[in-house]
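> this one's structure only:
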């Protein structure tokens, strides 16, 4: 954050691994645009004065074709736009493909607050504590309207949508406190929907984790409790009969699931969410569409807890979330029965 209300900054403080390259690209775009704007304006003024009515400029042999000039104004803009494209694509893919490892934090946005859940069980509202120098991967979803997760100092901004998971990641490079904004108009109190990201030294972060938070129940444990409360094991674990009416859930997350229509899908977070909320959307091969929908019965926090439980039942090499660009949340789990 700025040191004082009177401090002027050309750009927000650089506090993440993205910031330096993002600023450099932005300044390059401004520089190129400014150069050609000034050059064109100067040329207009120069020729307007030189060839004004009554001037002594030679108009007897006006050029009709300048091959090298035409070649220049084709190749130079092409080269510059190609640099912009490659540079921008590199920066985009770096932000869109989260690296493996790091800390996973889930976030549910709603009017007008951000609720964060840490894997250790700590939950917080409108405050986010993260360790310095570590990759932080966030899975976000909205419970109502479109919001936008925006931390200017991190150069991170992503729309948070109802009904689908999006992924954001960053690596803080400077300890401190940084503003969190909602950058999408989301209703009457949109301007008040904000928070603070606290970047702590690793030792301080561990101390904060040990201090608890809103709850000390980890998402995996809460998800298992919800799994048992909803009696999902009745169908997915045989319910004592030894016969599964729904697909087995062991080692499901991260695996490739074959569907009745012959296609396959990767069992990621989005697939699991869709399978719980709209189980008939993607039916697993060999099972009947008998699973009821839990839409309206489980909130987004409960869904994230169930997914955390299912992820904990995956093979160790599948526990790391699939890397790739943030995806809208289309998804399914294993179709057949209750989660």
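Noted; the coordinates are in hand. Note that this is a predicted model, so its numbers are computed, not measured.

> Residues in contact with stretch 35-50: which ones?
Residues outside stretch 35-50 that contact it (C-beta atoms under 8 Å, 6 or more residues apart in numbering) are 55, 57. Where you see a C-beta, it was placed from the backbone N, CA and C, and this is true even at glycine.

> change it to 6 Å
The contact list for stretch 35-50 (C-beta atoms under 6 Å, 6 or more residues apart in numbering) reads residue 57.

> Now do it: distance to the chain's middle.
43 Å (C-alpha atoms, centre = their mean, to the nearest Å).

> So the chain: which segments form each domain?
10-42+65-215, 219-318 (automatic domain parsing).

> Ranked by average pLDDT, which of these falls at the bottom?
When those are ranked by mean pLDDT, domain 219-318 comes last with a mean of 83.

> Just give me the longest helix of this protein.
In the chain, with assignment by DSSP state H, the single longest helix is helix 19-50.

> Quick one: classify residue 157 as helix, strand or coil.
Three-state assignment for residue 157 (DSSP: H, G, I helix; E, B strand; the rest coil): strand.

> pretty sure it contacts residue 140?
No: assessed by C-beta atoms under 6 Å, residue 157 is found out of contact with residue 140, at 11.9 Å.

> Looks like residue 202 contacts residue 131 (just checking).
Yes: in terms of C-beta under 6 Å, residue 202 counts as a neighbour of residue 131; the distance is 4.9 Å.

> Who has more neighbours out of those two?
Between residue 202 and residue 131, counting by other C-beta atoms under 10 Å, residue 131 is the more crowded of the two (22 against 11).

> What does the nearest residue to the more buried one once chain neighbours are set aside show for phi and psi?
Closest residue to residue 131 apart from its sequence neighbours, by C-beta to C-beta, 6 or more residues apart in numbering: residue 205 at 3.9 Å. Main-chain torsions, residue 205, degrees, to the nearest 10: phi -60, psi -40.

> any idea how far residue 205 is from residue 9?
Residue 205 sits 27 Å away from residue 9, taking C-beta to C-beta, to the nearest Å as the criterion.

> Neighbour count: these two, which is higher?
Between residue 205 and residue 9, counted using other C-beta under 10 Å, residue 205 has the larger neighbour count: 19 against 9.

> Pretty sure the more buried one sits against residue 130.
No: look at residue 205 against residue 130 with C-beta under 6 Å: they stay out of range, at 7.2 Å.

> Just give me the neighbour total for residue 58.
By the measure other C-beta under 10 Å, the count of residues near residue 58 is 8.

> Only the buried residues of the helix or strand hosting residue 70, if you could.
Using DSSP states H and E, residue 70 sits within helix 67-96. Neighbour-count burial for helix 67-96, counted by 16 or more other C-beta atoms under 10 Å, picks out 91, 95-96.

> Alright, I will stop here.
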